[in-house]
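Enquirer: coordinates only, sequence not included:
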């Protein structure tokens with residue numbers, strides 16, 4: 001008996017929904033790799049052990065006692081899950097959260113919801129990691145979904161909102177997103193009031209909804225800190241940076257903006273790209289805004305516009321943006337294609353308003369897309385290419401220095417321990433409470449971030465490191481090197497060669513250094529190793545992904561330590577296991593560049609970019625072009641790097657200097673302006689005087705090339721104000737005065753240069 005077209009169409013749509021849910025589970029089920037996971041677990045452990053909620057910092061020795069407000073119960077829940085099920089339990093918690101959000105988005109069973117939910121999966125999965133932010137993603141989906149259904153006169157449960165809020169406000173500061181959803185709902189209803197045909201329904205809905213909405217707002221006060229909890233949300237909203245402090249909006253990856261570049265056009269057609277769905281949601285959001293305005297749905301258009309703006313300035317809102325578009329767009333399709341008055345709002349569309357054959361065809365296309373996504377996650381291709389911190393499955397991510405932490409505990413090394421911002425959370429969890437952390441993702445002592453930035457470029461035997469070690473009584477340095485971390489912050493080779501610090505432990509993902517003091521000599525004499533000879537052996541009975549991780553990370557570490565032959569062999573074995581790993585090609589390129597084989601290095605960089613465009617690889621390629629004297633090609637590559645970078649300050653500085661070398665002063669000034677805008681020290685310029693002196697001196701040179709002598713002198717004066725002890729800047733100012741015919745000022749400037757305490761510069765602008 002032949003199957004009717006309607007039944008066949010229903011089967012196809014049911015199959016799509018099943019595949020969408022399978023894709024959500026596959027995307028959410030991965031190893032626990034978030035850098036903030038550790039301090040959340042450590043906080044949960046402290047609360048359970050002490051049976052009280054901390055009101056000040058209890059994890060870090062550098063900010064102990066600093067007032068700290070953070071909803072506590074998600075941390076407790078994560079800790080209890082870990083105690084019962086281990087890291088595998090945390091992985092499954094994340095997977096089920098991702099699945100729950102997507103299942104809620106497709107609950108009505110229509111094709112449009114299924115398609116939009118599939119596009120949103122990648123964004124949702126990034127914000128359902130093992131951290132309390134997971135609950136904000138889940139609760140926001142429920143908030144917005146119920147409010148939107150109420151507005152469309154569909155079945156809705158507004159009574160859920162106050163109940164959800166009681167949990168939300170005690171789980172994560174992102175509860176303010178729920179308040180924002182309420183404000184958005186009120187905006188949508190207010191947008192209907194000017195229209196006579198919509199006014200009565202809008203007033204009726206508002207009158208019935210207001211008691212529940214007021215109760216929801218009141219519920220936010222039911223927490224250990226009352227109204228003060230709202231202050232804890234400022235940092236989450238990206239408003240945590242203050243004058244004189246490190247700009248967390250730039251320094252923290254998730255508070256940076258989403259780069260807009262021509263690369264997004266490629267992501268629209270590359271179905272295997274990790275951000276394929278998110279990029280389509282960006283494009284669809286723009287289309288929805290225009291069509292909503294065209295159809296008179298001004299409130300809906302404004303809401304999507306706000307969500308789009310939020311995600312473009314702060315990547316942290318990627319999941320909230322995706323949920324907003326996925327929630328609003330299916331019913332917006334109905335309004336756009338059928339008109340707001342042509343059908344009852346209580347009748348949801350069963351499929352897209354398009355011919356039946358096209359509807360089924362689109363469902364089949366999205367079924368194939370879902371299968372591609374599932375295969376990408378399960379095979380680990382998505383992670384290897386786009387997020388090497390994670391792998392499909394359960395457990396702890398391999399980049400964490402678990403063996404190094406166990407070594408520190410086993411050998412009872414003396415505290416305190418220095419680790420970088422990204423590693424601090426795990427250090428608090430794996431080494432605390434016996435070893436409090438130096439710094440972690442909470443940012444309780446923002447000045448420490450600036451100190452770390454400055455220390456990374458300093459020699460380990462230099463006075464800055466000596467001063468820092470004395471100030472905090474530092475004895476141990478814990479360094480993570482996996483997934484290119486060893487080339488981003490601390491240089492392990494310098495510490496291996498240091499006299500002030502001695503290496504005592506090394507594996508493929510981490511090193512431990514002990515401060516060389518008489519008190520530490522018993523440990524150093526017994527444990528000291530030679531970084532150039534320390535063997536690196538793969539873990540026994542390792543899976544294919546684990547072996548690949550080992551060979552890649554060992555290859556990177558050997559490259560950093562100038563063990564080139566070992567690096568080549570490790571990278572060869574990594575390439576055999578996963579031939580399409582862009583980081584393998586990147587490391588090969590760096591090795592070849594180090595050997596001055598520039599043409600071969602450029603070929604490896606291009607091979608890496610062919611798999612995944614990355615700002616760091618474009619920067620490396622630009623550096624190669626510059627070494628070859630291909631300045632225009634170098635400039636183009638650096639522009640691509642800046643366009644893709646979440647923190648492009650150094651790239652824009654390099655571009656500006658190259659433009660000056662090419663006698664392009666006006667473009668150089670524009671690049672310097674972009675560099676200043678993207679600086680992690682905005683509002684805290686005094687924390688990095690050399691950075692801003694270099695920026696000012698570069699602008700001075702650009703104005704000199706333009707023949708604008710007064711501007712050139714003014715910017716050079718600012719460079720000296722930033723760093724008055726740097727004599728070469730005084731000499732350059734004197735030469736600028738001479739070139740402008742101001743001989744007396746030039747002579748006075750050179751006289752000031754010779755003084756130990758420079759006085760204000762003659763003629764300096766106030």
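Expert: Cool, got the structure. Please read these numbers as outputs of a predicted model, since none were measured by experiment.
Enquirer: quick one: buried residues of the helix ranked longest in the chain?
Expert: In the chain, with assignment by DSSP state H, the single longest helix is helix 73-105. In terms of neighbour count (16 or more other Cβ atoms under 10 Å), helix 73-105 has its buried residues at 73-79, 81-82, 87-105. Every residue, glycine included, has its C-beta placed from N, CA and C.
Enquirer: that one packs against which elements?
Expert: The contact analysis (3 or more Cβ pairs under 8 Å, 6 or more residues apart in numbering; DSSP states H and E) places helix 73-105 against helix 5-28, helix 37-50, helix 111-126, helix 133-151, helix 318-338.
Enquirer: repeat the analysis, applying 7 Å as the threshold.
Expert: Helices and strands touching helix 73-105, by 3 or more Cβ pairs under 7 Å, 6 or more residues apart in numbering; DSSP states H and E, are helix 5-28, helix 37-50, helix 111-126, helix 133-151.
Enquirer: helices of the stretch 551-700 of the chain, residue ranges please.
Expert: Per DSSP state H, counting those that start in this stretch, the stretch 551-700 of the chain carries helices over the ranges 564-577, 582-594, 598-611, 615-627, 631-644, 649-661, 665-677, 689-706.
Enquirer: please name every helix or strand in contact with the longest one.
Expert: Which is helix 689-706. Judged by 3+ Cβ pairs under 7 Å, 6+ apart, the packing partners of helix 689-706 are helix 649-661, helix 665-677, helix 709-722, helix 727-739.
Enquirer: go with 10 Å
Expert: Applying 3 or more Cβ pairs under 10 Å, 6 or more residues apart in numbering; DSSP states H and E, one finds that helix 689-706 makes contact with helix 446-456, helix 649-661, helix 665-677, helix 709-722, helix 727-739.
Enquirer: also the third one?
Expert: Contact here means 3+ Cβ pairs under 10 Å, 6+ apart; on that basis helix 598-611 packs against helix 381-386, helix 582-594, helix 615-627, helix 631-644.
Enquirer: turn those into a markdown table, including mean pLDDT and distance to residue 538.
Expert: A markdown table is the format used below for the helices and strands packed on helix 598-611 (pLDDT from 0 to 100; distance: least, Cβ to Cβ, whole Å):
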| stretch | mean pLDDT | distance to residue 538 |
| --- | --- | --- |
| helix 381-386 | 94 | 17 |
| helix 582-594 | 95 | 16 |
| helix 615-627 | 93 | 27 |
| helix 631-644 | 92 | 33 |
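Enquirer: highest average neighbour count across the helices and strands packed on helix 73-105?
Expert: Looking across those with neighbours counted as mean count of other Cβ atoms under 10 Å, the highest average goes to helix 111-126: a mean of 27.
Enquirer: ok, the closest residue to residue 85 other than its chain neighbours to residue 99 distance?
Expert: Nearest-residue entry for residue 85: residue 92, 7.3 Å, with adjacent residues in sequence omitted and distances by Cβ to Cβ, 6 or more residues apart in numbering. Here the criterion is Cβ to Cβ, to the nearest Å. By it, residue 92 lies 10 Å from residue 99.
Enquirer: common neighbours of these two, please.
Expert: Contact criterion Cβ atoms under 10 Å, 6 or more residues apart in numbering; residues shared by residue 92 and residue 99: 25, 28, 29.
Enquirer: now, which of those sits nearest residue 184?
Expert: Nearest to residue 184 among those is residue 28, at 26.4 Å by Cβ to Cβ.
Enquirer: for residue 674, which non-adjacent residue is closest in space?
Expert: In space, residue 674 comes closest to residue 652 once its chain neighbours are excluded; the distance is 4.6 Å by Cβ to Cβ, 6+ apart.
Enquirer: give me the number of residues near that neighbour?
Expert: Per other Cβ atoms under 10 Å, the neighbour tally for residue 652 reads 25.
Enquirer: and the pLDDT for it?
Expert: Residue-level confidence at residue 652 comes out at 94, pLDDT.
Enquirer: hang on, it packs against residue 667?
Expert: No: checked against Cβ atoms under 10 Å, the pair residue 652 and residue 667 is beyond contact range at 11.1 Å.
Enquirer: list the contacts for residue 308?
Expert: For residue 308, counting by Cβ under 10 Å, 6+ apart, the contacting residues are 258, 281, 282, 285, 286, 288, 289, 317, 321, 324, 325.
Enquirer: ok, it to residue 285 distance?
Expert: Using Cβ to Cβ, residue 308 is found at 5 Å from residue 285.
Enquirer: shared neighbours of these two, anything?
Expert: Counting by Cβ under 10 Å, 6+ apart, the residues touching both residue 308 and residue 285 are 321, 324, 325.
Enquirer: for residue 67, state which of those residues is nearest.
Expert: For these, with residue 67 as the reference and Cβ to Cβ as the criterion, the closest is residue 321, at 32.0 Å.
Enquirer: show me what contacts the residue lying closest to that closest one once chain neighbours are set aside?
Expert: For residue 321, the nearest residue in space outside its immediate sequence neighbours is residue 311; the separation is 3.8 Å by Cβ to Cβ, 6+ apart. Residue 311 makes contacts with 123, 257-258, 278, 281-282, 285, 317-322, 324-325, as judged by Cβ under 10 Å, 6+ apart.
Enquirer: got the domain boundaries for the chain?
Expert: Residue ranges for each domain of the chain read 5-30+69-241+255-386, 402-527, as given by automatic domain parsing.
Enquirer: I figured residue 370 hits residue 20, correct?
Expert: Yes: the pair formed by residue 370 and residue 20 meets the contact definition of Cβ under 10 Å, at 5.7 Å.
Enquirer: common neighbours of those two, please.
Expert: 114, 115, 118, 121.
Enquirer: look up how far residue 575 lies from the first one.
Expert: This means residue 114. From residue 114 to residue 575 the distance is 38 Å (Cβ to Cβ).
Enquirer: likewise the last one?
Expert: Distance of residue 121 to residue 575, computed by Cβ to Cβ: 30 Å.
Enquirer: pLDDT weak spots in the chain?
Expert: Scanning the chain for pLDDT under 70 picks out 1-6, 235-257, 331-356, 684, 756-766.
Enquirer: name the helices or strands packed onto the helix or strand that residue 233 is a member of?
Expert: Here residue 233 is covered by helix 229-236, with elements defined by DSSP states H and E. When contacts are defined as 3+ Cβ pairs under 10 Å, 6+ apart, helix 229-236 packs onto helix 176-192.
Enquirer: after the helix it packs on, next one along is what?
Expert: Heading towards the C-terminus - elements assigned by DSSP H and E - helix 176-192 is followed by helix 196-219.
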